[in-house]
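Participant: give the three-dimensional model of this entry:
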Amino acid sequence: MRDYDVLYTLSKCDTPQRIGDLGKHVLLSQPTLSRLVDRLESRGLVSRAQDPADARSVRIALTEAGRQAQNTAGRSHAAAVRTAMNAALTPAEIAQLTTLTQKLQEAQA
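Facilitator: Numbering: from 1, shown residues only. Below is the predicted model of the structure:
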């Protein structure tokens, strides 16, 4: 789940992210996130590059393999959530939930 969280967060970013900025979105401690990024990098899912604005810092980005892994995991996760929601909610409740989540999204824009 932590791997997916990092891959998902990076997939939503237009540019490579500093590890500190990434940490604000995935709610992991800096040391835990650093070790996780090391593992993801060793698996070819993320890459590191020196930050052009600050030579002391690096930026993390998804590789093509990381993007594919995130897409595959995302589809599987979405299917599992859809199955669970359809089992627990009536069609009317799903419609109501859809309306409410759209309203929340619009309020964030």
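Participant: which other residues reach the longest helix along the chain?
Facilitator: In the chain, taking DSSP state H as the definition, the longest helix is helix 64-88. Helix 64-88 is contacted by residues 4, 7-8, 10-11, 40, 43-46, 62, 94, 97 when judged by C-beta atoms under 8 Å, 6 or more residues apart in numbering. From N, CA and C alone the C-beta is placed, and that goes for glycine too.
Participant: which of those are buried? Put it as a ChimeraX command.
Facilitator: Applying 16 or more other C-beta atoms under 10 Å to the contacts of helix 64-88, the buried members can be selected in ChimeraX as follows:
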select :7,8,10,40,45,46,62
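Participant: what is the nearest of the contacts of helix 64-88 to Asp21?
Facilitator: Nearest to Asp21 among the contacts of helix 64-88, counting by C-beta to C-beta, is Leu10 at 10.7 Å.
Participant: verify the stated contact: the closest one with Thr63.
Facilitator: No: checked against C-beta atoms under 8 Å, the pair Leu10 and Thr63 is beyond contact range at 9.8 Å.
Participant: checking Ser57 next. Helix, strand or coil?
Facilitator: Of the three states, Ser57 takes strand under DSSP: H, G, I helix; E, B strand; the rest coil.
Participant: let me see the contact set for it.
Facilitator: By C-beta under 8 Å, 6+ apart, the contact list for Ser57 reads Arg18, Ile19, Gln50, Asp51.
Participant: how about the last one: what's its closest non-neighbour residue?
Facilitator: So that's Asp51. With sequence-adjacent residues excluded and distances taken as C-beta to C-beta, 6 or more residues apart in numbering, Asp51 is closest to Ser57, at 4.1 Å.
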